[in-house]
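A.B. asks: what follows is a predicted structure for the sequence shown.
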Amino acid sequence: MEQTFLMVKPDGVQRNLIGEIVGRLENKGYQLVGAKLMTIPTELAEQHYGEHKERPFFGELVEFITSGPVFAMVWEGENVISTSRLMMGATNPKESAPGTVRGDFAVTVGKNIIHGSDSLESAEREIALFFNKEELVAYAKDANNWIN
Ligand code: RTP
Ligand code: MG
């Protein structure tokens, strides 16, 4: 089953949006298979955002993503990579539609609340950067078994 790497950025953690974001993904029908609250070391941030190394905002981006705890997650489900990107909204909140995380909660591109892998290749790379295999949990969901 397809998996993606999603992360509530430091601004989202500070604004108490972890629950809101996890809730949206659960309600959609995706399954959480790994999660941790962590402060990203600078070296890991530079690796994670390596594709933006030459961009003028790279320094600010690394500084921001390491500035406080993030909530790193792996989510699983059909088309989860592209659909979770749709649920996040456009990178710049001034273009992200209402109903998306960035459209509903963010104002500026530098503090846009959530990260999501943008392709299968990025998802595999980012999951491996942030999680060991043992930290990802395969499990069946059947709520009816857990009520009585
Ligand atoms: P992300 O990687 O964080 O999920 O965001 P994304 O794919 O939608 O956007 P991407 O192009 O990968 O950019 C990564 C992050 O860099 C910041 N950014 N700042 N100042 C700027 O013009 C600018 N452009 C991008 C954003 O925080 C973006 O999420
Ligand atoms: Mg990106």
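C.D. replies: Nice, thanks for sending it over. Ligands and ions are numbered 1, 2, ... in the order given.

A.B. asks: how many neighbours does the residue nearest to residue 52 when sequence neighbours are not counted have?
C.D. replies: In space, residue 52 comes closest to residue 58 once its chain neighbours are excluded; the distance is 5.2 Å by Cβ to Cβ, 6 or more residues apart in numbering. All C-beta atoms are positioned from the backbone trio N, CA, C, and that covers glycine. Residue 58 has 15 neighbouring residues, counting by other Cβ atoms under 10 Å.

A.B. asks: how much space between residue 58 and ligand 1?
C.D. replies: Using Cβ to the nearest ligand atom, to the nearest Å, residue 58 is found at 8 Å from ligand 1.

A.B. asks: residues near residue 99, how many?
C.D. replies: 11.

A.B. asks: how close does it sit to residue 120?
C.D. replies: According to Cβ to Cβ, to the nearest Å, residue 99 stands 25 Å off from residue 120.

A.B. asks: repeat that for residue 129.
C.D. replies: Distance from residue 129 to residue 120, by Cβ to Cβ: 15 Å.

A.B. asks: do I have it right that the residue nearest to residue 52 meets residue 49?
C.D. replies: Yes: look at residue 58 against residue 49 with Cβ atoms under 8 Å: they come within range, at 6.9 Å.

A.B. asks: contacts for stretch 33-44?
C.D. replies: 3, 13, 48, 62, 65-66, 68-76, 127, 129-131, 135-139 (Cβ atoms under 8 Å, 6 or more residues apart in numbering).
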